[in-house]
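Undergrad: model the structure of this input:
(one chain, ligands or ions: 2)
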Amino acid sequence: MRYVSTRGAAPDLSFEEAMLSGLARDGGLYVPAEVPQVSAGDFRAMRGLSYEEVAFRVMRPFVDESFSDEVFGDLIGKAYASFGHAARAPLVQLAPGHFLCELFHGPTLAFKDFAMQLIGQLFEEALTRRGERVTIVGATSGDTGSAAIEAFRGLDAVDVFILYPHGRVSDVQRRQMTTPSEANVHAIALDGHFDDCQARLKDMFNHFEFRDRVRLAGVNSINWARVLAQVVYYVTSALELGAPERAVSFTVPTGNFGDIFAGYIAKRMGLPIDRLVVATNQNDILHRCLSSGAYETDTVTPSISPSMDIQVSSNFERALFDAYGRDGAAVAQLMDELKSGGFRVSQGALETLREQFSSGRASEEETLETIARLHRTTGELLCPHSAVGVHVAEAQRDPAVPMITLATAHPAKFPDAVETATGIRPGLPPRMADLFERPERITRAENDLAALETLIEERIGS
Ligand SMILES: Cc1ncc(COP(=O)(O)O)c(C=O)c1O
Ligand SMILES: N[C@@H](CCOP(=O)(O)O)C(=O)O
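TA: Ligands and ions are numbered 1, 2, ... in the order given. The predicted model follows:
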(Lines give C-alpha, C1' and ligand atoms only; values in the text may rest on other atoms or scores of the structure.)
(Ligands and ions follow the chains in the order given, each with its own letter.)
Protein backbone atom coordinates (compact mmCIF):
# COMPACT_ATOMS: atom_id res chain seq x y z
CA MET A 1 0.00 0.00 0.00
CA ARG A 2 1.35 3.43 -0.94
CA TYR A 3 0.23 6.74 0.51
CA VAL A 4 -0.06 9.89 -1.60
CA SER A 5 -0.26 13.55 -0.61
CA THR A 6 -3.46 15.55 -1.12
CA ARG A 7 -1.34 18.28 -2.75
CA GLY A 8 0.30 15.92 -5.19
CA ALA A 9 3.88 17.15 -4.82
CA ALA A 10 5.41 15.00 -2.08
CA PRO A 11 6.95 11.54 -2.37
CA ASP A 12 4.65 8.52 -1.96
CA LEU A 13 5.28 6.69 1.30
CA SER A 14 4.61 3.32 2.95
CA PHE A 15 2.22 3.08 5.91
CA GLU A 16 5.03 3.24 8.44
CA GLU A 17 6.76 6.15 6.71
CA ALA A 18 3.49 8.08 6.47
CA MET A 19 2.74 7.35 10.13
CA LEU A 20 6.13 8.59 11.31
CA SER A 21 6.18 11.64 9.00
CA GLY A 22 2.86 13.30 9.80
CA LEU A 23 2.30 16.16 7.36
CA ALA A 24 3.51 15.60 3.78
CA ARG A 25 6.43 17.79 2.77
CA ASP A 26 4.24 19.70 0.28
CA GLY A 27 1.94 20.69 3.18
CA GLY A 28 -0.67 18.07 2.24
CA LEU A 29 -2.12 15.10 4.09
CA TYR A 30 -1.39 11.49 3.27
CA VAL A 31 -4.20 9.24 2.00
CA PRO A 32 -4.02 5.68 0.66
CA ALA A 33 -3.45 5.50 -3.09
CA GLU A 34 -6.38 3.07 -3.23
CA VAL A 35 -8.98 2.12 -0.66
CA PRO A 36 -9.00 -1.67 -0.12
CA GLN A 37 -12.38 -3.29 -0.76
CA VAL A 38 -14.13 -5.61 1.70
CA SER A 39 -16.82 -7.92 0.30
CA ALA A 40 -20.21 -8.48 1.91
CA GLY A 41 -19.04 -12.02 2.71
CA ASP A 42 -15.95 -10.69 4.50
CA PHE A 43 -18.08 -8.27 6.51
CA ARG A 44 -20.46 -11.11 7.38
CA ALA A 45 -17.52 -13.17 8.62
CA MET A 46 -16.65 -10.38 11.09
CA ARG A 47 -19.98 -10.67 12.90
CA GLY A 48 -19.57 -11.98 16.43
CA LEU A 49 -15.81 -11.34 16.48
CA SER A 50 -14.23 -9.28 19.25
CA TYR A 51 -13.49 -5.57 18.64
CA GLU A 52 -9.78 -6.45 18.39
CA GLU A 53 -10.38 -9.14 15.76
CA VAL A 54 -12.49 -6.81 13.64
CA ALA A 55 -9.84 -4.11 14.07
CA PHE A 56 -7.19 -6.47 12.72
CA ARG A 57 -9.24 -7.44 9.65
CA VAL A 58 -10.30 -3.87 8.83
CA MET A 59 -6.88 -2.25 9.22
CA ARG A 60 -4.58 -5.03 7.97
CA PRO A 61 -4.80 -4.20 4.23
CA PHE A 62 -3.77 -0.56 4.92
CA VAL A 63 -0.73 -1.46 6.97
CA ASP A 64 1.29 -3.24 4.21
CA GLU A 65 4.53 -4.96 5.19
CA SER A 66 5.32 -2.33 7.84
CA PHE A 67 4.19 -4.72 10.59
CA SER A 68 3.88 -8.52 10.49
CA ASP A 69 0.47 -10.08 11.16
CA GLU A 70 1.66 -11.37 14.49
CA VAL A 71 3.12 -8.07 15.68
CA PHE A 72 0.16 -6.03 14.43
CA GLY A 73 -2.36 -8.34 16.14
CA ASP A 74 -0.38 -8.21 19.35
CA LEU A 75 -0.22 -4.39 19.33
CA ILE A 76 -3.98 -4.14 18.73
CA GLY A 77 -4.52 -6.40 21.75
CA LYS A 78 -2.34 -4.20 23.96
CA ALA A 79 -3.98 -1.00 22.68
CA TYR A 80 -7.50 -1.87 23.81
CA ALA A 81 -6.69 -3.82 26.98
CA SER A 82 -7.11 -0.73 29.17
CA PHE A 83 -10.62 0.10 27.91
CA GLY A 84 -13.31 0.05 30.57
CA HIS A 85 -15.95 -1.78 28.51
CA ALA A 86 -15.72 -5.30 27.09
CA ALA A 87 -17.36 -4.21 23.82
CA ARG A 88 -14.92 -1.24 23.58
CA ALA A 89 -17.52 0.79 21.56
CA PRO A 90 -20.93 -0.31 22.89
CA LEU A 91 -24.22 0.69 21.25
CA VAL A 92 -27.07 2.05 23.35
CA GLN A 93 -30.58 2.55 21.96
CA LEU A 94 -31.96 6.08 22.42
CA ALA A 95 -35.23 5.74 20.51
CA PRO A 96 -36.67 3.40 17.88
CA GLY A 97 -34.08 3.39 15.08
CA HIS A 98 -31.68 5.79 16.84
CA PHE A 99 -28.57 4.47 18.59
CA LEU A 100 -25.62 5.98 20.43
CA CYS A 101 -22.16 4.51 19.94
CA GLU A 102 -20.32 5.20 23.21
CA LEU A 103 -16.70 5.97 22.36
CA PHE A 104 -15.67 7.19 25.79
CA HIS A 105 -14.60 4.05 27.64
CA GLY A 106 -10.88 4.48 26.95
CA PRO A 107 -8.30 5.78 29.43
CA THR A 108 -8.92 9.51 28.82
CA LEU A 109 -12.68 9.22 28.27
CA ALA A 110 -12.89 10.39 24.65
CA PHE A 111 -12.95 8.76 21.21
CA LYS A 112 -9.35 9.80 20.64
CA ASP A 113 -8.19 6.87 22.76
CA PHE A 114 -9.24 4.42 20.04
CA ALA A 115 -6.56 5.70 17.72
CA MET A 116 -4.05 7.11 20.15
CA GLN A 117 -3.67 3.95 22.24
CA LEU A 118 -2.89 2.03 19.06
CA ILE A 119 -0.56 4.68 17.63
CA GLY A 120 1.41 4.70 20.89
CA GLN A 121 2.04 0.98 20.42
CA LEU A 122 2.84 1.32 16.70
CA PHE A 123 5.29 4.20 17.25
CA GLU A 124 7.11 2.37 20.02
CA GLU A 125 7.43 -0.80 17.96
CA ALA A 126 8.59 1.00 14.80
CA LEU A 127 11.01 3.37 16.54
CA THR A 128 12.59 0.63 18.63
CA ARG A 129 13.08 -1.52 15.53
CA ARG A 130 14.62 1.44 13.65
CA GLY A 131 16.67 2.66 16.63
CA GLU A 132 15.21 6.15 16.17
CA ARG A 133 13.82 8.87 18.40
CA VAL A 134 11.19 11.49 17.42
CA THR A 135 9.66 14.68 18.77
CA ILE A 136 5.89 14.62 18.62
CA VAL A 137 4.14 17.99 18.56
CA GLY A 138 0.36 17.99 18.76
CA ALA A 139 -2.35 20.66 18.65
CA THR A 140 -5.43 20.12 20.75
CA SER A 141 -8.74 21.65 21.67
CA GLY A 142 -8.62 19.28 24.66
CA ASP A 143 -9.08 15.62 23.84
CA THR A 144 -6.31 14.78 21.36
CA GLY A 145 -3.77 16.22 23.79
CA SER A 146 -4.86 14.23 26.81
CA ALA A 147 -5.11 11.02 24.76
CA ALA A 148 -1.64 11.59 23.27
CA ILE A 149 -0.03 12.31 26.62
CA GLU A 150 -1.64 9.20 28.09
CA ALA A 151 -0.52 7.03 25.17
CA PHE A 152 3.09 8.27 25.01
CA ARG A 153 3.95 9.15 28.63
CA GLY A 154 7.15 7.47 29.78
CA LEU A 155 8.06 6.01 26.36
CA ASP A 156 11.80 6.13 25.66
CA ALA A 157 11.75 6.97 21.96
CA VAL A 158 9.52 10.07 22.01
CA ASP A 159 9.21 13.53 23.50
CA VAL A 160 5.67 14.91 23.31
CA PHE A 161 4.70 18.59 23.22
CA ILE A 162 1.01 19.43 23.23
CA LEU A 163 -0.17 22.94 22.32
CA TYR A 164 -3.58 23.74 23.79
CA PRO A 165 -5.50 27.04 23.78
CA HIS A 166 -5.04 28.72 27.15
CA GLY A 167 -8.33 29.03 29.05
CA ARG A 168 -10.35 27.26 26.35
CA VAL A 169 -10.30 23.63 27.46
CA SER A 170 -12.28 22.11 30.32
CA ASP A 171 -10.60 21.70 33.73
CA VAL A 172 -10.67 17.91 33.38
CA GLN A 173 -9.07 18.07 29.91
CA ARG A 174 -6.39 20.49 31.15
CA ARG A 175 -5.56 18.41 34.20
CA GLN A 176 -5.34 15.23 32.11
CA MET A 177 -2.61 17.01 30.14
CA THR A 178 -0.82 18.85 32.93
CA THR A 179 -0.71 16.31 35.77
CA PRO A 180 1.31 13.42 34.27
CA SER A 181 4.78 13.71 35.81
CA GLU A 182 6.84 11.86 33.17
CA ALA A 183 9.71 14.00 31.85
CA ASN A 184 8.98 13.22 28.17
CA VAL A 185 5.55 14.94 28.09
CA HIS A 186 5.00 18.70 28.01
CA ALA A 187 1.69 20.58 28.03
CA ILE A 188 1.95 24.08 26.56
CA ALA A 189 -0.83 26.63 27.07
CA LEU A 190 -0.78 28.84 23.99
CA ASP A 191 -2.21 32.35 23.91
CA GLY A 192 -4.79 31.81 21.18
CA HIS A 193 -7.45 29.36 20.09
CA PHE A 194 -7.22 25.85 18.65
CA ASP A 195 -6.78 27.07 15.06
CA ASP A 196 -3.65 28.96 16.20
CA CYS A 197 -2.28 25.78 17.80
CA GLN A 198 -2.95 23.79 14.63
CA ALA A 199 -1.51 26.53 12.40
CA ARG A 200 1.74 26.69 14.43
CA LEU A 201 1.99 22.90 14.28
CA LYS A 202 1.67 22.94 10.50
CA ASP A 203 4.20 25.82 10.35
CA MET A 204 6.68 23.61 12.22
CA PHE A 205 6.14 20.79 9.72
CA ASN A 206 6.69 23.25 6.86
CA HIS A 207 9.89 24.63 8.45
CA PHE A 208 12.12 21.85 7.19
CA GLU A 209 15.31 22.79 9.10
CA PHE A 210 13.42 22.57 12.41
CA ARG A 211 11.40 19.54 11.29
CA ASP A 212 14.51 17.57 10.38
CA ARG A 213 16.57 18.75 13.34
CA VAL A 214 14.07 17.57 15.96
CA ARG A 215 12.74 14.67 13.85
CA LEU A 216 9.22 16.05 14.06
CA ALA A 217 6.27 13.64 14.10
CA GLY A 218 2.56 14.28 14.51
CA VAL A 219 -0.31 12.47 16.17
CA ASN A 220 -3.14 14.75 15.19
CA SER A 221 -5.47 13.42 12.53
CA ILE A 222 -2.89 14.85 10.13
CA ASN A 223 -1.51 11.36 10.73
CA TRP A 224 -3.26 8.79 8.54
CA ALA A 225 -2.90 6.11 11.24
CA ARG A 226 -5.24 8.17 13.45
CA VAL A 227 -7.98 8.13 10.82
CA LEU A 228 -7.46 4.46 10.06
CA ALA A 229 -7.93 3.31 13.65
CA GLN A 230 -11.22 5.23 13.78
CA VAL A 231 -12.66 3.30 10.81
CA VAL A 232 -13.06 0.22 13.01
CA TYR A 233 -15.95 1.35 15.22
CA TYR A 234 -18.02 2.29 12.16
CA VAL A 235 -17.70 -1.34 11.12
CA THR A 236 -18.42 -2.92 14.52
CA SER A 237 -21.50 -0.76 15.13
CA ALA A 238 -22.91 -1.21 11.60
CA LEU A 239 -22.44 -5.00 11.87
CA GLU A 240 -24.30 -4.98 15.16
CA LEU A 241 -27.31 -3.36 13.45
CA GLY A 242 -27.45 -5.79 10.54
CA ALA A 243 -24.81 -4.70 8.01
CA PRO A 244 -23.95 -5.75 5.38
CA GLU A 245 -27.59 -6.78 4.76
CA ARG A 246 -28.91 -3.48 6.12
CA ALA A 247 -27.56 0.04 5.57
CA VAL A 248 -27.09 2.41 8.49
CA SER A 249 -26.37 6.14 8.81
CA PHE A 250 -24.01 7.95 11.16
CA THR A 251 -24.12 11.40 12.70
CA VAL A 252 -20.73 12.61 13.86
CA PRO A 253 -20.01 15.60 16.12
CA THR A 254 -17.41 17.29 13.94
CA GLY A 255 -14.57 19.78 14.23
CA ASN A 256 -11.41 18.73 12.44
CA PHE A 257 -13.32 16.29 10.17
CA GLY A 258 -11.09 13.32 11.12
CA ASP A 259 -13.75 11.16 12.71
CA ILE A 260 -16.31 11.55 9.94
CA PHE A 261 -13.62 11.04 7.34
CA ALA A 262 -12.97 7.65 8.94
CA GLY A 263 -16.67 6.89 8.32
CA TYR A 264 -16.24 7.90 4.70
CA ILE A 265 -13.33 5.46 4.38
CA ALA A 266 -15.48 2.69 5.90
CA LYS A 267 -18.11 3.45 3.25
CA ARG A 268 -15.52 3.42 0.47
CA MET A 269 -14.33 0.02 1.71
CA GLY A 270 -17.83 -1.28 1.05
CA LEU A 271 -19.65 -0.85 4.36
CA PRO A 272 -23.28 -0.01 3.54
CA ILE A 273 -23.56 3.51 4.96
CA ASP A 274 -26.51 5.57 3.77
CA ARG A 275 -25.77 9.06 5.14
CA LEU A 276 -22.77 10.54 6.93
CA VAL A 277 -24.07 13.57 8.80
CA VAL A 278 -21.67 16.31 9.91
CA ALA A 279 -22.91 17.85 13.18
CA THR A 280 -21.34 21.19 14.16
CA ASN A 281 -21.78 23.58 17.06
CA GLN A 282 -22.05 27.34 16.49
CA ASN A 283 -18.58 27.22 14.88
CA ASP A 284 -20.24 25.89 11.79
CA ILE A 285 -17.88 26.46 8.87
CA LEU A 286 -18.45 22.89 7.61
CA HIS A 287 -22.22 23.18 7.74
CA ARG A 288 -22.06 26.53 5.95
CA CYS A 289 -19.72 25.12 3.33
CA LEU A 290 -21.83 22.04 2.60
CA SER A 291 -24.92 24.29 2.43
CA SER A 292 -23.52 27.07 0.23
CA GLY A 293 -20.20 25.92 -1.21
CA ALA A 294 -18.34 28.78 0.47
CA TYR A 295 -15.63 27.69 2.89
CA GLU A 296 -15.03 30.94 4.74
CA THR A 297 -13.32 31.24 8.10
CA ASP A 298 -14.96 33.32 10.79
CA THR A 299 -13.88 34.17 14.32
CA VAL A 300 -14.06 31.20 16.70
CA THR A 301 -16.81 31.65 19.27
CA PRO A 302 -16.17 29.73 22.51
CA SER A 303 -18.94 27.19 23.13
CA ILE A 304 -20.00 24.58 25.68
CA SER A 305 -18.62 21.93 23.30
CA PRO A 306 -15.08 23.40 23.22
CA SER A 307 -13.38 20.47 21.49
CA MET A 308 -15.31 21.42 18.35
CA ASP A 309 -14.45 25.14 18.48
CA ILE A 310 -12.59 24.90 15.20
CA GLN A 311 -12.75 26.95 12.00
CA VAL A 312 -9.96 25.48 9.91
CA SER A 313 -10.98 21.86 9.65
CA SER A 314 -7.83 19.99 8.73
CA ASN A 315 -9.22 16.77 7.26
CA PHE A 316 -11.72 18.50 5.01
CA GLU A 317 -8.71 18.69 2.70
CA ARG A 318 -8.82 14.89 2.37
CA ALA A 319 -12.48 15.02 1.34
CA LEU A 320 -11.76 17.84 -1.13
CA PHE A 321 -8.97 15.77 -2.69
CA ASP A 322 -11.47 13.05 -3.61
CA ALA A 323 -14.19 15.54 -4.57
CA TYR A 324 -11.75 17.19 -7.02
CA GLY A 325 -10.93 13.83 -8.62
CA ARG A 326 -7.65 13.51 -6.69
CA ASP A 327 -6.24 16.63 -8.36
CA GLY A 328 -3.47 17.67 -5.94
CA ALA A 329 -2.78 20.94 -7.76
CA ALA A 330 -6.43 22.00 -7.39
CA VAL A 331 -6.35 21.24 -3.67
CA ALA A 332 -3.06 23.12 -3.24
CA GLN A 333 -4.70 26.13 -4.94
CA LEU A 334 -7.71 26.00 -2.55
CA MET A 335 -5.42 25.76 0.47
CA ASP A 336 -3.53 28.79 -0.80
CA GLU A 337 -6.79 30.73 -1.06
CA LEU A 338 -7.66 29.64 2.49
CA LYS A 339 -4.68 31.65 3.75
CA SER A 340 -6.59 34.78 2.70
CA GLY A 341 -9.82 33.73 4.42
CA GLY A 342 -11.55 31.11 2.30
CA PHE A 343 -12.47 29.60 -1.04
CA ARG A 344 -15.49 28.50 -3.05
CA VAL A 345 -15.89 24.79 -3.79
CA SER A 346 -16.62 24.16 -7.48
CA GLN A 347 -20.19 23.07 -8.30
CA GLY A 348 -19.06 19.59 -9.38
CA ALA A 349 -17.00 19.02 -6.24
CA LEU A 350 -19.82 20.34 -4.05
CA GLU A 351 -22.27 17.88 -5.59
CA THR A 352 -19.79 15.04 -4.98
CA LEU A 353 -19.39 16.11 -1.35
CA ARG A 354 -23.16 16.31 -0.90
CA GLU A 355 -23.56 12.77 -2.24
CA GLN A 356 -21.50 11.64 0.75
CA PHE A 357 -22.16 14.14 3.52
CA SER A 358 -25.18 15.93 4.98
CA SER A 359 -24.83 18.52 7.72
CA GLY A 360 -26.55 20.37 10.52
CA ARG A 361 -25.71 22.59 13.47
CA ALA A 362 -26.85 22.88 17.07
CA SER A 363 -27.00 26.16 18.98
CA GLU A 364 -25.94 26.34 22.62
CA GLU A 365 -29.60 26.27 23.74
CA GLU A 366 -30.38 23.27 21.55
CA THR A 367 -27.35 21.45 22.95
CA LEU A 368 -28.43 22.05 26.56
CA GLU A 369 -32.03 21.12 25.77
CA THR A 370 -30.85 17.85 24.18
CA ILE A 371 -28.72 16.92 27.21
CA ALA A 372 -31.66 17.58 29.55
CA ARG A 373 -34.27 15.81 27.42
CA LEU A 374 -32.17 12.72 26.70
CA HIS A 375 -31.39 12.37 30.38
CA ARG A 376 -35.10 12.67 31.23
CA THR A 377 -36.30 10.24 28.57
CA THR A 378 -33.47 7.68 28.39
CA GLY A 379 -31.32 8.14 31.50
CA GLU A 380 -28.26 8.69 29.23
CA LEU A 381 -26.03 11.61 30.26
CA LEU A 382 -24.55 13.12 27.10
CA CYS A 383 -21.45 15.27 26.89
CA PRO A 384 -22.16 18.51 24.98
CA HIS A 385 -20.38 17.29 21.82
CA SER A 386 -22.44 14.12 21.72
CA ALA A 387 -25.56 16.23 22.35
CA VAL A 388 -24.75 18.33 19.27
CA GLY A 389 -24.69 15.04 17.36
CA VAL A 390 -27.97 13.78 18.78
CA HIS A 391 -29.75 17.09 18.06
CA VAL A 392 -28.63 17.08 14.43
CA ALA A 393 -29.35 13.34 14.01
CA GLU A 394 -32.92 13.81 15.24
CA ALA A 395 -33.50 16.54 12.67
CA GLN A 396 -31.93 14.67 9.75
CA ARG A 397 -33.00 11.12 10.39
CA ASP A 398 -34.68 8.95 7.76
CA PRO A 399 -36.97 6.68 9.83
CA ALA A 400 -36.35 3.81 7.38
CA VAL A 401 -32.59 3.71 8.11
CA PRO A 402 -31.08 3.13 11.56
CA MET A 403 -29.08 6.15 12.73
CA ILE A 404 -25.99 5.81 14.91
CA THR A 405 -24.80 8.97 16.63
CA LEU A 406 -21.23 8.86 17.88
CA ALA A 407 -20.87 9.80 21.56
CA THR A 408 -17.40 11.25 21.44
CA ALA A 409 -16.63 12.05 25.08
CA HIS A 410 -17.68 11.12 28.60
CA PRO A 411 -19.99 13.66 30.28
CA ALA A 412 -17.56 13.96 33.22
CA LYS A 413 -15.08 15.76 30.97
CA PHE A 414 -17.57 18.63 30.66
CA PRO A 415 -19.38 18.64 34.02
CA ASP A 416 -20.38 22.33 33.96
CA ALA A 417 -22.52 22.04 30.82
CA VAL A 418 -24.05 18.75 31.96
CA GLU A 419 -24.87 20.20 35.37
CA THR A 420 -26.42 23.32 33.82
CA ALA A 421 -28.66 21.12 31.69
CA THR A 422 -29.61 18.41 34.18
CA GLY A 423 -28.67 19.56 37.68
CA ILE A 424 -26.42 16.48 37.89
CA ARG A 425 -22.65 16.86 38.10
CA PRO A 426 -21.19 13.73 36.53
CA GLY A 427 -18.28 12.25 38.47
CA LEU A 428 -15.01 10.92 37.11
CA PRO A 429 -14.40 7.15 37.17
CA PRO A 430 -12.66 5.92 40.37
CA ARG A 431 -9.24 5.57 38.68
CA MET A 432 -9.23 9.34 38.09
CA ALA A 433 -10.90 10.35 41.32
CA ASP A 434 -7.80 12.25 42.56
CA LEU A 435 -7.28 14.18 39.29
CA PHE A 436 -7.98 17.50 41.02
CA GLU A 437 -5.45 16.83 43.78
CA ARG A 438 -2.53 16.02 41.48
CA PRO A 439 0.04 18.83 40.91
CA GLU A 440 -0.03 20.51 37.49
CA ARG A 441 2.94 21.37 35.23
CA ILE A 442 2.00 24.10 32.75
CA THR A 443 4.18 26.08 30.37
CA ARG A 444 2.61 29.30 29.04
CA ALA A 445 3.67 30.33 25.53
CA GLU A 446 2.97 33.10 23.07
CA ASN A 447 1.47 32.35 19.69
CA ASP A 448 4.86 32.72 18.03
CA LEU A 449 6.54 30.09 15.88
CA ALA A 450 10.17 30.97 16.67
CA ALA A 451 9.53 31.11 20.41
CA LEU A 452 7.78 27.74 20.35
CA GLU A 453 10.54 26.11 18.33
CA THR A 454 13.16 27.45 20.75
CA LEU A 455 11.21 26.17 23.72
CA ILE A 456 10.93 22.70 22.18
CA GLU A 457 14.60 22.51 21.23
CA GLU A 458 15.67 23.66 24.69
CA ARG A 459 13.51 21.01 26.32
CA ILE A 460 14.69 18.12 24.17
CA GLY A 461 18.29 19.30 24.48
CA SER A 462 18.13 19.24 28.26
C1 LIG B 1 -15.31 15.26 22.21
C2 LIG B 1 -15.08 15.57 20.77
N3 LIG B 1 -16.10 15.45 19.91
C4 LIG B 1 -15.94 15.72 18.61
C5 LIG B 1 -14.73 16.15 18.10
C6 LIG B 1 -14.62 16.41 16.63
O7 LIG B 1 -13.92 15.37 16.00
P8 LIG B 1 -13.13 15.65 14.65
O9 LIG B 1 -12.12 16.69 14.99
O10 LIG B 1 -12.52 14.35 14.30
O11 LIG B 1 -14.11 16.14 13.68
C12 LIG B 1 -13.65 16.31 18.97
C13 LIG B 1 -12.34 16.78 18.50
O14 LIG B 1 -11.70 16.21 17.70
C15 LIG B 1 -13.81 15.97 20.32
O16 LIG B 1 -12.78 16.05 21.16
N1 LIG C 1 -10.99 18.18 18.89
C2 LIG C 1 -9.62 17.86 18.73
C3 LIG C 1 -8.92 18.76 17.78
C4 LIG C 1 -7.75 18.08 17.12
O5 LIG C 1 -8.23 17.08 16.29
P6 LIG C 1 -7.39 15.93 15.65
O7 LIG C 1 -8.38 14.85 15.46
O8 LIG C 1 -6.82 16.46 14.42
O9 LIG C 1 -6.30 15.51 16.59
C10 LIG C 1 -8.97 17.78 20.10
O11 LIG C 1 -9.62 17.33 21.01
O12 LIG C 1 -7.85 18.16 20.28
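Undergrad: what residues does this structure put near ligand 1?
TA: 110, 143, 221, 253-259, 307-308, 385, 408-409 (C-beta under 6 Å from any ligand atom). To be clear about C-beta, it is placed using only N, CA and C from the backbone, and glycine gets the same treatment.
Undergrad: let's see 5 Å
TA: 143, 253-259, 307, 385, 408-409 (C-beta under 5 Å from any ligand atom).
Undergrad: give me the contact list for the helix or strand containing residue 209.
TA: Assessed by DSSP states H and E, residue 209 sits inside helix 208-214. With contact meaning C-beta atoms under 8 Å, 6 or more residues apart in numbering, helix 208-214 is reached by 25, 135, 204-205, 216, 453, 456-457, 460.
Undergrad: give me the buried entries from the residues you listed.
TA: 25, 135, 204-205, 216, 453, 456, 460 (16 or more other C-beta atoms under 10 Å).
Undergrad: any chance of the contacts of helix 208-214 in a markdown table, plus secondary structure?
TA: Listed next are the contacts of helix 208-214 as a markdown table, based on DSSP: H, G, I helix; E, B strand; the rest coil:
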| residue | secondary structure |
| --- | --- |
| 25 | coil |
| 135 | strand |
| 204 | helix |
| 205 | helix |
| 216 | strand |
| 453 | helix |
| 456 | helix |
| 457 | helix |
| 460 | helix |
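Undergrad: which among those residues gets closest to residue 181?
TA: residue 460 (17.8 Å; C-beta to C-beta).
Undergrad: how near is that closest one to residue 116?
TA: Separation of residue 460 from residue 116 (C-beta to C-beta, to the nearest Å) stands at 21 Å.
Undergrad: quick revisit: mind putting the buried ones among the contacts of helix 208-214 into CSV with pLDDT and distance to ligand 2?
TA: Listed next are these as CSV, based on pLDDT from 0 to 100; distance: C-beta to the nearest ligand atom, whole Å:
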residue, pLDDT, distance to ligand 2
25, 96, 19
135, 98, 17
204, 98, 15
205, 96, 13
216, 97, 16
453, 98, 21
456, 98, 18
460, 95, 22
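Undergrad: how about the residues you listed in TSV, adding distance to residue 18?
TA: Shown next, in TSV, are the buried ones among the contacts of helix 208-214 (distance: C-beta to C-beta, whole Å):
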residue	distance to residue 18
25	12
135	18
204	18
205	13
216	14
453	24
456	23
460	23
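Undergrad: which of those lies closest to ligand 1?
TA: Taking C-beta to the nearest ligand atom as the measure, ligand 1 sits nearest to residue 205 out of the buried ones among the contacts of helix 208-214, at 18.2 Å.
Undergrad: any low-confidence regions in the chain?
TA: 462 (pLDDT under 70).
Undergrad: what does it put close to ligand 2?
TA: Contact residues (C-beta under 5 Å from any ligand atom) of the chain with ligand 2: 140-144, 220-221, 255-256, 258, 307.
Undergrad: can you give me the buried ones in stretch 194-212?
TA: Quick answer for stretch 194-212 (16+ other C-beta under 10 Å): 194-202, 204-205, 210-211.
Undergrad: please apply the same query to stretch 4-12.
TA: Buried residues in stretch 4-12 (16+ other C-beta under 10 Å): 4-8, 10.
Undergrad: out of those residues, flag the one nearest to ligand 1.
TA: residue 6 (16.5 Å).
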